[in-house]
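Novice: based on what follows, work out the 3D shape:
(2 chains)
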Number of protein chains: 2
Amino acid sequence: MRYVVILAGGSGTRLWPLSRKGMPKQLLPLIDGRSLLRLAFERSLALVPAERILVVTGAAHAGAVQDQLPELPSSNILGEPTGRDSLNAVAWAAAVLRAQDPEAVIAHVTADHLIEPVETFTEVIRTAFALVEADPLALVTLGVVPTTAHTGYGYLHRGAEIPGFPGAHRVLEFAEKPDREVAERYLASGEYWWNAGMFIWRADTLLEQLQVLLPDTYAAVTSLAAEPDRLAEIFPTLMKTSVDYAVMEPVSAGRGTATVLAVALPVSWRDVGGFGTLAEVLSQDADRNSSSGTVVMRAAENNVVINTDYGSLVALLGVADLVVVRTPEITVVTDRDHAEQIKDLVSDVVMTFGDRFA
Amino acid sequence: MRYVVILAGGSGTRLWPLSRKGMPKQLLPLIDGRSLLRLAFERSLALVPAERILVVTGAAHAGAVQDQLPELPSSNILGEPTGRDSLNAVAWAAAVLRAQDPEAVIAHVTADHLIEPVETFTEVIRTAFALVEADPLALVTLGVVPTTAHTGYGYLHRGAEIPGFPGAHRVLEFAEKPDREVAERYLASGEYWWNAGMFIWRADTLLEQLQVLLPDTYAAVTSLAAEPDRLAEIFPTLMKTSVDYAVMEPVSAGRGTATVLAVALPVSWRDVGGFGTLAEVLSQDADRNSSSGTVVMRAAENNVVINTDYGSLVALLGVADLVVVRTPEITVVTDRDHAEQIKDLVSDVVMTFGDRFA
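Specialist: The predicted structure is shown next:
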């Protein structure tokens, strides 16, 4: 049967102080009061019933996830005691599902992005499910047509099309975050897609690759699925690594027993990772100011202002190109050019105050 | 006997949101935890005992004034039911003191400025007291040597020196806030001082001038002194005007029975009216950032950051020349060039939210 696993780990430091240690980006009510997690869940519900959706998240956030997704059975929330990167989230969920259903086909989807139109997205996932059901050894990833030479994404080199599955191609090579020059070449060639970080495969096929490539990890997640009580003991021992590094790159290079395929994901796919992208989804005034919450601006242009401190006011006068965020505990003022470096600011804050404002 | 009257009216809108309707500038703990009022009171205590100090302030702030000046007898706080500009604050206090002591000599001092060194200030006031005690018809004002062609101050044209009183001169002319061109001429001539807005005179002499120049005001303040219960009835009927317009200009022009004199006030005399001046008295880092409260800055230059929201953090990243203020209810972000226009921002805020954030 088909399953969806929503990968909702990560903290989203670039949205600090909206995102905090206890409130990661995916859980913030950013989009008309709904979180990215809620949107990902609703996309998933178009594919499978709630009982066949799993959410992998930090253990500390399991309660908040349950609050936002009341339809989800609580046993379908896998809480990681510590972040061990994408491979282990994916492998743990695959092991759990294979134990329940040896024929399980899983779509691992992310909760970091705004995806439009949703119908196209679900159609592509259905194609990928069908592809895996036709070829049990397929490891399918989704490819987004690149619009810039972004150095923060992985790229995949597209090979021959798969007959009968429109938009599906073999993958010749997986390339993790290239440098600028290489990214420019990829973009110019027209032969590369961005790796959307979503994967569709049979649980057993994924786990069989692991058994070859990372036998320790395979043994650990198999044990975890059989003995959930050993979570706190086993999980921290897992090697921290990504699906791309541990599985997709070596298998696409011929090490492993599976075949790597990719399906085109022709959607608007925006990582709401920073304030720049967030601004695009907020209401905008005639002076190109984007704002949310109680805000007054005078002679101000092209600012992003977010006030989540209920009952308070944020007022701007005569300033441009700033990002201003007020939460109940923190006010941040930066500009659009520096907003991507917010992690450095958070480091300074943690150096001075420990975790108090983290 | 000698008395000091501290004029502590006004709201200080240019320091919004530090100053609020219920918390005027003079009462804010701006200077190492002490308010401008407290500093003015301590300067006054060097001249006369607390029993001979009066504070004129808005009736709404009488309680806060008492809290900050526990040494002051509560009957020495004159609470104005409504702001009627400087003349009426001065005349009311003079009428009250004349009723108690027909020989009263008063120094009316402001609480808007940072004055250094304090010793020079008190010495100048003592000279002015002595001048009035020698010449009962003297109306003495204090003159500051101008450093710029400021158009926000009144100017006084200095005449002959008074023998035996170093720094004391006759005043040839009083000129309220000149335009730029005139101010430049005053500055270039070397014959003009800024009017510091402080006055030393006998209560009866001031009131006798009023009796001639503004008989209605004279009658009203005399009634007020005799029948304090009629405050709410009488005070709002007073004509709103300044001491300079109503008394100093006409008397220096020969209308009246008194003589206008001025004593040099050779001190650093800074109006802490806006954030620019406030920045000068805050601690400064190597990147010329001035801050107060819990603040973190990274790659930030020449900013003024004030955080009075206890327990919160204000963090700046990659910005310059800004003024950032966080209070428990309000965050304001502007730049040093616009900080003087904060009144316009407050108007916008009041238009949108009424008095809620005023």
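
Novice: C-alpha from now on. contacts and neighbour counts both.
Specialist: Noted.

Novice: so A:Leu317 makes contact with A:Glu301?
Specialist: No - in this structure, A:Leu317 sits apart from A:Glu301 without contact. The criterion is C-alpha atoms under 8 Å, and the distance is 9.6 Å.

Novice: ok, now which ones touch the residue nearest to A:Val263 when sequence neighbours are not counted?
Specialist: Spatial nearest neighbour of A:Val263, excluding adjacent residues (C-alpha to C-alpha, 6 or more residues apart in numbering or on different chains): A:Ala168 at 4.2 Å. Contacts here follow C-alpha atoms under 8 Å, 6 or more residues apart in numbering or on different chains; on that basis A:Ala168 touches A:161-162, A:261-264.

Novice: buried ones in stretch A:48-63?
Specialist: Neighbour counts using 16 or more other C-alpha atoms under 10 Å in any protein chain shown place A:50, A:52-59, A:61-62 of stretch A:48-63 among the buried residues.

Novice: pull the CA atoms of it into CSV?
Specialist: Taking C-alpha atoms only, stretch A:48-63 is exported to CSV below (Å, rounded to 0.1, in the frame of the first residue of the first chain):
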residue,chain,number,x,y,z
VAL,A,48,-3.6,8.6,1.2
PRO,A,49,-5.8,8.6,4.3
ALA,A,50,-4.5,10.0,7.6
GLU,A,51,-3.8,6.5,9.0
ARG,A,52,-1.2,6.1,6.3
ILE,A,53,0.7,9.3,6.9
LEU,A,54,3.7,9.4,9.2
VAL,A,55,5.4,12.6,10.5
VAL,A,56,9.1,12.4,11.5
THR,A,57,9.9,15.4,13.7
GLY,A,58,12.0,16.3,16.8
ALA,A,59,10.7,14.5,19.9
ALA,A,60,10.3,17.9,21.6
HIS,A,61,7.8,19.0,18.9
ALA,A,62,5.7,15.8,18.8
GLY,A,63,3.0,17.4,21.0
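
Novice: chain center to that stretch: distance?
Specialist: Centroid displacement of stretch A:48-63 relative to its chain, using C-alpha atoms, centre = their mean, to the nearest Å, is 14 Å.

Novice: distance check, A:Leu139 against chain B.
Specialist: 43 Å (C-alpha to the nearest C-alpha, to the nearest Å).

Novice: give me the contacts around the helix or strand containing that residue.
Specialist: Taking DSSP states H and E as the criterion, the element that holds A:Leu139 is strand A:138-144. Contacting residues not belonging to strand A:138-144 are listed as A:128, A:131-132, A:156, A:193-202, A:205-206, A:258-267, A:269 [C-alpha under 8 Å, 6+ apart].

Novice: who are the packing partners of the helix or strand of chain A with the lowest mean pLDDT?
Specialist: Among the secondary structure pieces of chain A, namely its helices and strands, strand A:268-271 has the lowest mean (mean pLDDT, DSSP states H and E), a mean of 82. Contacting strand A:268-271 under the criterion 3 or more C-alpha pairs under 8 Å, 6 or more residues apart in numbering or on different chains; DSSP states H and E are the following elements: strand A:113-116.

Novice: each with direction, which strands does the strand it packs on pair with?
Specialist: When pairs are called by DSSP bridges, strand A:113-116 turns out to pair with strand A:268-271 (antiparallel).

Novice: okay, buried residues for the partner strand please.
Specialist: Applying a neighbour-count criterion of 16+ other C-alpha under 10 Å, the buried positions in strand A:268-271 are A:268-269.

Novice: beyond it, next helix or strand please.
Specialist: Next element after strand A:268-271 (DSSP H and E): helix A:275-280.
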